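Visitor: structure for the following, please:
(2 chains, ligands or ions: 1)
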Amino acid sequence: MPRPQPRFPEPDTQPFWEATKNHELKYQVCTACSKVVFFPRRHCNHCGSVETEWRTSKGEGTVYTYSVVRLNRHPAFRDLGAYAVAYIDLDEGFRILSNVIGVADPLMDVKIGMRVRVKWEDQESSISLPLFEPA
Amino acid sequence: MVSQRRDAAIVGIHEYPLRKAPGVTPLQIKAESAARALADAGLSWKDVDGLYDAQDGAGMSGLSLSEYFGFKPNVIDTTAVGGSSYEFQAAHARRAIAAGKCRVALLTYGSTAASGMVHIGTGGREGGGAPSPQGNMTDPWGVTLIANYAMVAHRHMHQYGTTSEQLARISVATRAHAMRNPEAVKAMTDLLFENIREITVDDVLNSRMVADPLHLLECCMVSDGGGAVVIASPEVARDCRQKPVWIIGTGEATKYVENGGDITVSAAVQSAPPAFGEAGVRPDEIDIGMIYDSFSITVMCLLEDLGFCKKGEGGQFVSEDRLHFQSKLKPHINTDGGGLSSNHPGMRGIFLLIEAARQLRGQSTSQVEGAKLAVAHGNGGQLGGTHTGGTIILARD
Ligand SMILES: [Zn+2]
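Guide: Residues are numbered from 1 along each chain as shown, chains lettered A, B, ... in the order given. Model (predicted):
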């Protein structure tokens, strides 16, 4: 059973997910007030302007916080074993929810403050999921 | 204490006694609770002219609930902000009554989360309903509700050195209160809790990890249940059966994930100052803290954000001789047994008002002698993500 997928039509986040097909991690910057807008949306949540531009993140950041999930009854995660969910602070200044993968033992090897970089997991639905692994 | 406005009071309460109620609907729980809360107040069905509903019973909630109950209210409020909906509604009811728009406001809640096998904490997000930006940026990564709170706990530990032992003290005090409350004991029995007895810090630490660093005994139950609260004008309250419990301060706020934000800080930092300010009291004067205990970490963050102690000092604060109803220091918290050990059908906020009112009437199963002031603080949504904070300060005459 695949993970829950983003669903469309959803105009605010559609450009973000379209870009994942090229393994590009996109975020917005407001052209009026220069602040970073994330999660994606049409307007700037800081000033209300609808003039924003899309930029591509280098995909490098820091684990802000995390938890290791032992129990999730959803079929996509039920048999996964313990896995780490985390908020990642990207160097460009936005915070994304994701998973930290590529560690031997998520219980021991994920730490707040650790450096991570994006690792794409292609989905059957043609989008790709940004996950993070130790940098 | 400074002079406080007496605009509206809680005059009637009812907590639906069962936590496992197969064959009953949320609407039936709401209607039965309404009748019993009105009887508690000495009021009747036809006295209700303000209807408050958190959209837990039926679609077009203000309309369909009016018809189902058989009311023709002059004020309808369908504020639905999760577990704190009832603190928001109590604030709105007080304002509506003060403005003369209604005299008797009724708040009701009904849920069959347990009988319906709703895995609130561990279900993950299914991605039901219409597509949304928030859902699209959350659903794929398998964050359960408990993991969301656990991420707050990890960050709190990281920033302040908070320990699981300190968090466990919240569960220990709450269970002690639950063991004195027959309905809570029945709840734990009916919901098949293991070891229905007072627990120790070690019991909490030895219970299984659900989402690091939160153990099973740091997580609330999933129950059926519901209740009702009647809020009335001073003129009505004067003739009610029970002593009035006055709403003397209110505050409402939201919080969500922000780039660069501090996940350990909740909406309470915004909702508490106006509530305490309006009431003219300080946190250290509060006897009873009915503080939303979805998880141990929720209480820790809320104690700090309500101003009971400084941010980051919650671990030390809960380690002193407080929380328990007989402790030397204030506040005494969640004296009904809380969401951890008595009642959590999904939106616990109404029970915070109900137990606070019991304490100020002198009717709790863990009665704090001479309790005069209470705070009920509801947290709706998810502490580490999008959530609400509703603060209500209550006083007896
Ligand atoms: Zn802007």
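Visitor: so what does the longest helix along chain A touch, helix or strand wise?
Guide: Ranked by number of residues, the top helix in chain A under DSSP state H is helix A:14-20. Under the contact definition 3 or more CB pairs under 8 Å, 6 or more residues apart in numbering or on different chains; DSSP states H and E, helix A:14-20 sits against strand A:26-30, strand A:52-56, strand A:128-134. To be clear about C-beta, it is placed using only N, CA and C from the backbone, and glycine gets the same treatment.
Visitor: for chain B, which of those strands is the nearest?
Guide: strand A:128-134 (5.5 Å; CB to the nearest CB).
Visitor: dump that closest one to PDB, restricted to CA.
Guide: Below are the C-alpha coordinates for strand A:128-134, written out as PDB (Å, rounded to 0.1, in the frame of the first residue of the first chain):
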ATOM      1  CA  SER A 128       8.400  12.500  -6.000                       C
ATOM      2  CA  LEU A 129       8.500  12.700  -2.200                       C
ATOM      3  CA  PRO A 130      11.200  14.800  -0.500                       C
ATOM      4  CA  LEU A 131      12.700  12.800   2.300                       C
ATOM      5  CA  PHE A 132      15.900  13.700   4.200                       C
ATOM      6  CA  GLU A 133      19.100  11.800   4.900                       C
ATOM      7  CA  PRO A 134      22.200  12.700   6.900                       C
END
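Visitor: pLDDT on that strand, on average?
Guide: The pLDDT scores in strand A:128-134 average 98.
Visitor: what does it contact?
Guide: By CB atoms under 8 Å, 6 or more residues apart in numbering or on different chains, the surrounding residues in contact with strand A:128-134 are A:3, A:20-21, A:23, A:25, A:59, A:61, A:63, A:86, A:88, A:96, A:98-103, A:109, A:114-123, B:140-141.
Visitor: could you dump the helices and strands packed on helix A:14-20 into JSON lines and include distance to B:Tyr292?
Guide: As requested, the helices and strands packed on helix A:14-20 are exported to JSON lines (distance: least, CB to CB, whole Å):
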{"stretch": "strand A:26-30", "distance to B:Tyr292": "33"}
{"stretch": "strand A:52-56", "distance to B:Tyr292": "36"}
{"stretch": "strand A:128-134", "distance to B:Tyr292": "32"}
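Visitor: of all those strands, which one is nearest the ion?
Guide: Taking CB to the ion, strand A:26-30 is the member of the helices and strands packed on helix A:14-20 nearest to the ion, at 3.1 Å.
Visitor: do the host helix or strand of A:Leu107 and chain B meet?
Guide: Here A:Leu107 sits within helix A:106-109, counting by DSSP states H and E. Yes. Residues of helix A:106-109 contacting chain B under CB under 8 Å from any CB of the partner chain: A:Leu107.
Visitor: where exactly do the strands run in the stretch 151-300 of chain B?
Guide: B:209-211, B:214-215, B:224-232, B:245-255, B:288-291 (DSSP state E, counting those that start in this stretch).
Visitor: may I see the buried residues of the least confident helix or strand in chain A by mean pLDDT?
Guide: The least trusted helix or strand in chain A, going by mean pLDDT, DSSP states H and E, turns out to be helix A:75-78, with a mean of 86. Within helix A:75-78, the residues that count as buried by 16 or more other CB atoms under 10 Å in any protein chain shown are A:Phe77.
Visitor: try stretch B:246-258
Guide: Buried residues in stretch B:246-258, counting neighbours by 16+ other CB under 10 Å, are found at B:Trp246, B:Ile247, B:Ile248, B:Gly249, B:Thr250, B:Gly251, B:Glu252, B:Ala253, B:Lys255, B:Val257.
Visitor: what about it and chain A, touching?
Guide: Yes. Stretch B:246-258 lies within reach of chain A by CB under 8 Å from any CB, at B:Val257, B:Glu258.
Visitor: beyond the least confident helix or strand of chain A, next helix or strand please.
Guide: Counting by DSSP H and E, what follows helix A:75-78 is strand A:83-90.
Visitor: distance of the nearest residue to B:Ser111 once chain neighbours are set aside from B:Pro26?
Guide: Distance criterion CB to CB, 6 or more residues apart in numbering or on different chains; nearest residue to B:Ser111, sequence neighbours excluded, is B:Pro345 at 3.5 Å. The gap separating B:Pro345 from B:Pro26 is 9 Å, by CB to CB, to the nearest Å.
Visitor: pull up the overlap in contacts between those two.
Guide: In contact with both B:Pro345 and B:Pro26: B:Ser111, B:Thr112, B:Gly226, using CB under 8 Å, 6+ apart.
Visitor: and these, which is closest to B:Glu67?
Guide: Proximity of the shared contacts of B:Pro345 and B:Pro26 to B:Glu67 was ranked by CB to CB; the top entry is B:Gly226 with 19.0 Å.
Visitor: bridged to the closest one, which residues?
Guide: Note on B:Gly226: beta-bridge partners by DSSP bridges are B:Gly110.
Visitor: just A:Thr52 next, same as before
Guide: A:Cys30.
Visitor: need the contact list for it.
Guide: For A:Thr52, the contacting residues are A:Gln28, A:Val29, A:Cys30, A:Thr31, A:Val37, A:Arg42, A:His43, A:Cys44, by CB under 8 Å, 6+ apart.
Visitor: just the pLDDT for the closest residue to B:Gly370 other than its chain neighbours.
Guide: Sequence neighbours aside, B:Asp287 is the residue nearest to B:Gly370 in space, at 7.6 Å (criterion: CB to CB, 6+ apart). Here, the pLDDT recorded for B:Asp287 equals 98.
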